[in-house]
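**Q** Pasted the sequence and its predicted model underneath.
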Amino acid sequence: MRLIELQGINKQYYLGQTPMTALSDITISFDKGEFTAVLGPSGSGKTTLLNLIGTIDEPSSGKILINGDDVSKMTDNQKSEYRNNRIGFIFQNFNLIPVLNAVENVMLPLQIRNEKTQVAREKAMERLNQVGLEHLALNRPDMMSGGQRQRVAIARALVTDPEVVIADEPTANLDLATSISIMEIMQKLNRTEGATFLFSTHDQRLLDRMNRLVRLEDGRIADAPEN
Amino acid sequence: MRLRIKGEKMNQLIHFLKLAFRNILKSRRRTFVTLMAVGFGFASIALFQGYIHSIYEGLRASAIHGSGIGHLTLYAKGWEAHGKSDPEAYMITGEDIEKITRLARQNTHVTLVSPRLSISGLVSNGKTSTIFIASGVIPDHEKKIKGEFYDYQPINGKPLDSADEASVEMADGLAGQLELFAGQDGVVMGATLSGQMNAMDIHINGTYNTGIADTNDKFIKVPFSFAQSFYDTKKADSIVLLLDHWQNTDLVREQLSYTLSSSNLSVEFKTWKELSLFYKSVRNMFDMIFLFIFTIVFIIVIMSTTNTMGMAVIERTREIGTLRALGLKRRGISFLFAAEGGLLGLGGCLFGLCLHTLVWAVIRYTEPSYTPPGNSSPVPLTVDFLPQSLAVLILFMTGLALLSAILPARRAARQNVVQSLTHV
């Protein structure tokens, strides 16, 4: 079942006065429940592609459909609601809010959507339990290791039961053992929750865990086998 | 249903206020500097406000009671414009004095009605003569009008005596010039209203200090009946009204205007504020100083809050990107930073309130005094504690800090999400 469709996507941006092409004529689709990695060297357009799917960036031309909704026609507020309800983000640098503890960080997307505190806390604790961090629920990010922080970020990304989880280099700042454990957690959640996971990564050691690999080169799709 | 939605909104509001509060505590040094700036600004405004309030209270009481002009003064219509050139034609007749007194007393706010007649001429000790200005007052009324001020202006000798028409109180500067003392006699001379020369004996019951150098060598206080005899008239040039509260002045003025005009009495009113030029000029001066201090504090609060929040926006750019990626709308980001500004303002005000209360208590305990220009003796420095004004000031300065944070907050909200997330 098609979840995400990109049709003729181009993305240009300016570096000073110089126009740069980040993505060129990208047409690709992703099915529900995919566990896909977007590969490519630095500057190939991986992050830009994920940002466009995540609705935090806009294409210069082309159309992006998520579940049939044309996200390029949405207003900024609609996109915010869309992200909050349907998309989960996992960042390379974890991006946890330093003044909030683990459970409060995980509760954050639910509180943005006005969920009751008690309900949000219960859901957040459940997700922390899934990533094995319920015992660190009251710890702030500065009291946790990189791997623990990324697990909190995974719990935060999944707490709203999103259709798509976008992870931009989620293991780039982690050692191999931690990276594998993080990938295992995400694989398990992909299987049990049925959420679509889209990664960008350089890490060749993690690729054998993927269902599908999409290769980008110079902003174009070099290889994208159907799932 | 609506109540439930409101409850959820409140839930979110509390959550983001909590987040704002924790962010404030995170940058302790910057928060401390902002709290100090707002707090000291608040305390200085509040203390000055309390100080000038006590000054205004004192000046008001001094004008109404100390100088004896009461709350309202009535004149015959045209007195202000023509009274000096043709006083007799614009004085209040004896019959009208009675009518006005009767009608004014019917007003529940009026506590005293007292006719006055000012006279002037020459006063002599038998050897030397000099000019004088005298106020003809009803002795028993005078004590009531003066109230607490009666004791503030001690009389060397005895006060006016209603049983003795020739008894007077003479300003000690004038008495000194004429080498007259309490218990001695003198003579006053002048023209009656019809232009005839008149001379009358006076008996100096007591001397007093008017407190103002310009009047202390000219003033005499005489019984109202003496003044009428001196001018050979049954008229008064004014009628002073004392009210139950100064705040009723305008109300009574309006009510009596209607009552007296309905009875064909053509009069004009002057309030204590209109008659007391000193009150007006001092108030104008202090209002200007207050505005000056207020403007400085206003700028300090705006600049320190804007600076603090501006720094916070730069430092937390990636956090802003994260919150936006998680679905927080632009107005949510604006609210978050504006709330931080508001909380900083509130915290500063609470610190300022403590500082103000401490200084206020020290002033009350130590009772310092100072000698204002033109005064011959020191006056106590008093600062009034004004809960209502403090509450308004807290609201105002918190609102100001919140408004000051809006500009950086809007800048934060407008940031590009992708650029924010990659900010280093």
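**A** All right, it came through fine.
**Q** For stretch B:64-83, measure first residue to last.
**A** The stretch stretch B:64-83 measures 23 Å between its terminal residues, going by CA to CA, to the nearest Å.
**Q** which residues of the stretch 201-350 of chain B fall in helices?
**A** In the stretch 201-350 of chain B, the helices defined using DSSP state H, counting those that start in this stretch lie at B:213-216, B:224-231, B:249-262, B:272-275, B:277-315, B:317-325, B:330-366.
**Q** Alpha carbons only: can I get stretch A:66-78 in CSV?
**A** Extracted in CSV, the C-alpha atoms of stretch A:66-78 (Å, rounded to 0.1, in the frame of the first residue of the first chain):
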residue,chain,number,x,y,z
ILE,A,66,1.5,11.3,2.0
ASN,A,67,-1.4,9.0,2.3
GLY,A,68,-2.9,10.8,-0.7
ASP,A,69,-2.6,14.3,1.0
ASP,A,70,-0.6,16.8,-1.1
VAL,A,71,1.6,18.3,1.6
SER,A,72,2.9,21.0,-0.7
LYS,A,73,-0.5,22.7,-0.6
MET,A,74,-0.7,22.8,3.2
THR,A,75,-0.3,26.0,5.2
ASP,A,76,2.5,26.1,7.8
ASN,A,77,0.0,25.4,10.6
GLN,A,78,-1.5,22.5,8.8
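**Q** and it, is it in reach of chain B?
**A** Yes: interface with chain B: stretch A:66-78 contributes A:Asp76, A:Asn77 (CB under 8 Å from any CB of the partner chain). Backbone N, C-alpha and C define where each C-beta goes, glycine included.
**Q** where does the closest residue to A:Ile26 other than its chain neighbours fall, helix, sheet strand or coil?
**A** Take A:Ile26 and drop its neighbours on the chain: the residue closest to it by CB to CB, 6 or more residues apart in numbering or on different chains is A:Ile9, 4.1 Å away. Secondary structure, DSSP: H, G, I helix; E, B strand; the rest coil: A:Ile9 is strand.
**Q** residues contacting A:Ile9?
**A** By CB atoms under 8 Å, 6 or more residues apart in numbering or on different chains, the contact set of A:Ile9 is A:Leu23, A:Asp25, A:Ile26, A:Thr27, A:Leu49, A:Leu52, A:Pro59, A:Ser61, A:Gly62, A:Lys63, A:Ile64.
**Q** Enumerate the residues of chain A near chain B.
**A** Counting by CB under 8 Å from any CB, the residues of chain A near chain B are A:51, A:54, A:56-57, A:76-77, A:80-85, A:89, A:91, A:93, A:95, A:97-100, A:108-109, A:111-117, A:156.
**Q** could you flag which of the residues you listed are buried?
**A** A:51, A:54, A:56-57, A:80-84, A:89, A:91, A:93, A:95, A:97, A:99-100, A:108-109, A:111-115, A:156 (16 or more other CB atoms under 10 Å in any protein chain shown).
**Q** Okay, and which of those map to helices?
**A** Under the assignment DSSP state H, these contribute A:Asn51, A:Ser80, A:Glu81, A:Tyr82, A:Arg83, A:Asn84, A:Leu108, A:Pro109, A:Gln111, A:Ile112, A:Arg156 to helices.
**Q** JSON lines for the residues you listed, including pLDDT?
**A** Output for those, formatted as JSON lines (pLDDT from 0 to 100):
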{"residue": "A:Asn51", "pLDDT": "93"}
{"residue": "A:Ser80", "pLDDT": "93"}
{"residue": "A:Glu81", "pLDDT": "93"}
{"residue": "A:Tyr82", "pLDDT": "92"}
{"residue": "A:Arg83", "pLDDT": "93"}
{"residue": "A:Asn84", "pLDDT": "94"}
{"residue": "A:Leu108", "pLDDT": "93"}
{"residue": "A:Pro109", "pLDDT": "94"}
{"residue": "A:Gln111", "pLDDT": "91"}
{"residue": "A:Ile112", "pLDDT": "91"}
{"residue": "A:Arg156", "pLDDT": "94"}
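**Q** Closest one of these to chain B?
**A** Of all these, chain B sits closest to A:Asn84, with 2.4 Å by CB to the nearest CB.
**Q** How about the closest one: what's its closest non-neighbour residue?
**A** Using CB to CB, 6+ apart, the nearest residue to A:Asn84 is B:Gly327, at 2.4 Å.
**Q** Quick check, the residue in chain B closest to chain A?
**A** B:Gly327 (2.4 Å).
**Q** Can you tell me which of the helices of the stretch 201-350 of chain B is nearest to A:Leu133?
**A** Closest to A:Leu133 of these is helix B:317-325 (CB to CB; 18.9 Å).
**Q** Can the closest one be said to contact chain A?
**A** Yes: interface with chain A: helix B:317-325 contributes B:Arg318, B:Glu319, B:Gly321, B:Thr322, B:Leu323, B:Arg324, B:Ala325 (CB under 8 Å from any CB).
**Q** Pull out the buried residues from that helix.
**A** B:Thr317, B:Arg318, B:Glu319, B:Ile320, B:Gly321, B:Thr322, B:Leu323, B:Arg324, B:Ala325.
**Q** again with stretch B:19-27
**A** B:Leu19, B:Ala20, B:Arg22, B:Asn23, B:Ile24, B:Ser27.
**Q** quick one, what contacts the residue of chain B closest to chain A?
**A** By CB under 8 Å, 6+ apart, the neighbours of B:Gly327 are A:Ser80, A:Glu81, A:Tyr82, A:Arg83, A:Asn84, A:Asn85, A:Pro109, A:Ile112, A:Arg113.
**Q** which residues does the most centrally placed residue in chain A bridge with?
**A** In chain A, the residue lying closest to the centroid (CA atoms, centre = their mean) is A:Ile166, at 1.4 Å. Beta-bridge partners recorded for A:Ile166 (DSSP bridges): A:Phe89, A:Leu198.
**Q** if I look at it, how far off is A:Asn10?
**A** 20 Å (CB to CB, to the nearest Å).
**Q** cool, B:Phe385 as well?
**A** Distance from B:Phe385 to A:Asn10, by CB to CB: 69 Å.
**Q** Just give me the longest helix of chain A.
**A** Max-length helix for chain A by DSSP H is helix A:176-193.
**Q** Mean pLDDT per helix and strand in chain B: which one sits at the bottom?
**A** helix B:149-152 (a mean of 71; mean pLDDT, DSSP states H and E).
**Q** so how far is that helix off the chain centroid?
**A** Helix B:149-152 sits 20 Å away from the centroid of its parent chain (CA atoms, centre = their mean, to the nearest Å).
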